[in-house]
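# After the sequence you'll find the predicted model.
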Amino acid sequence: MEILIGILGFTTVCFLALSVYLFKQNTQAVEKAEKNIFELFMAGAYANRLLWFETLNQRALDDPVVFIGDSLIEEWPLQELFTSAKYLNRGIGGDTTTNLLQRLDHTFAGLSPEKIVLLIGTNDLNEPETTTAMILENITGIVAKLKTEFPAAQLHMLSLLPVGDKDDPGIDPTTVGARSNTRIRTINDKLETLDDVIYHDVHRLLVDQKGYLDPAFTREGLHLSPRGYLVLSDHLKQAGL
């Protein structure tokens, strides 16, 4: 009887272990499938956004002011805050320095910009494998390509924006992710030294007394509120844009 009980116990343990293993495998398979579907969706959305750019560029006014970057640019209501159709929004949510460098030809197809405003890099900070050196190298490459293609255009570089305090109840830690203000300041110090660009330290306009993104200027710690965009727009207007 004791042997039988032992066998049954061992069988039960093995069955439970197998069940846990199969559950994990199934969960991983579902997560992988969901990730693949999401990536396919994002790839389609990205390609569609580029198609929008190429199509709208055909109707753009001469000598436009082109804003390029990630969602921080895409969400900027340029037409309302600058009240001119010459201000073109060419931002794509989720963009990285690598992606932006690769899409410049599509983004500027048919355009001869008078001024270019660049804000990029925050999404790179949320990718563990992307180093600070890689980010700076890509931004340098973006600047070099833009200056080669449009030597007469003024190139305005915006500093990376701060992120919110994850301990603040109004800030979403998941959205802030791995981004840190220490690393952001390190990158900004390097951006300020770049040649052939007009650098704008807008970081200082948005921080609170603790050095975090002021809650009044953000909706969750990363993206800006309308008040945050007012601050940036007023700064650029005063700078002559």
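Ah, there it is.
# quick check: domain ranges of this protein?
Following automatic domain parsing, the chain resolves into domains at 1-59, 62-238.
# Please identify the most buried of these.
Among these, ranked by average contacts under mean count of other Cβ atoms under 10 Å, first place goes to domain 62-238 (a mean of 18). C-beta here means a position set from N, CA and C on the backbone, and glycine is covered the same way.
# How far does that one stretch from one end to the other?
One end of domain 62-238 sits 23 Å from the other (Cα to Cα, to the nearest Å).
# and if you look at stretch 64-74?
16 Å.
# who's in contact with stretch 136-143?
The contact list for stretch 136-143, computed with Cβ atoms under 8 Å, 6 or more residues apart in numbering, reads 96-98, 100-101, 104, 118, 120-121, 124, 155, 157, 187, 190-191, 194, 196-197.
# Check stretch 226-241 too.
With Cβ under 8 Å, 6+ apart as the test, stretch 226-241 has contacts from 65, 75-77, 81-82, 115, 117, 156, 158, 198, 200, 202, 205-206, 216-218, 224.
# go again using 6 Å as the cut-off
If you take Cβ atoms under 6 Å, 6 or more residues apart in numbering as the criterion, stretch 226-241 is touched by W76, L81, V202, L205, A216, F217.
# what pLDDT, on average, does that stretch get?
Across stretch 226-241, the average pLDDT comes to 97.
# So what's the gap between that stretch and the chain middle?
Relative to the centre of its chain, stretch 226-241 is centred 20 Å away, using Cα atoms, centre = their mean, to the nearest Å.
# Flag the shaky bits of the protein, pLDDT-wise.
1-43 (pLDDT under 70).
# cutoff 90 now
Residue ranges of the chain with pLDDT under 90: 1-49, 51.
# for it, what spans make up the helices?
Secondary structure of the chain (DSSP state H): helices located at 2-57, 71-74, 78-82, 97-107, 132-149, 173-176, 181-191, 203-206, 226-238.
# what's the fourth one packed up against?
By that I understand helix 97-107. helix 132-149 (3 or more Cβ pairs under 6 Å, 6 or more residues apart in numbering; DSSP states H and E).
# repeat that for 10 Å
helix 2-57, strand 65-69, strand 87-91, helix 132-149 (3 or more Cβ pairs under 10 Å, 6 or more residues apart in numbering; DSSP states H and E).
# quick one, phi psi at the closest residue to D63 other than its chain neighbours?
Once flanking residues are discounted, D63 sits nearest to E114: 3.8 Å by Cβ to Cβ, 6 or more residues apart in numbering. Phi and psi for E114, reported as degrees, to the nearest 10, are phi -80, psi -40.
# Quick one: residues contacting E114.
D62, D63, P64, V65, V66, K86, F150, A152, A153, Q154, L241 (Cβ atoms under 10 Å, 6 or more residues apart in numbering).
# No more questions from me, cheers.
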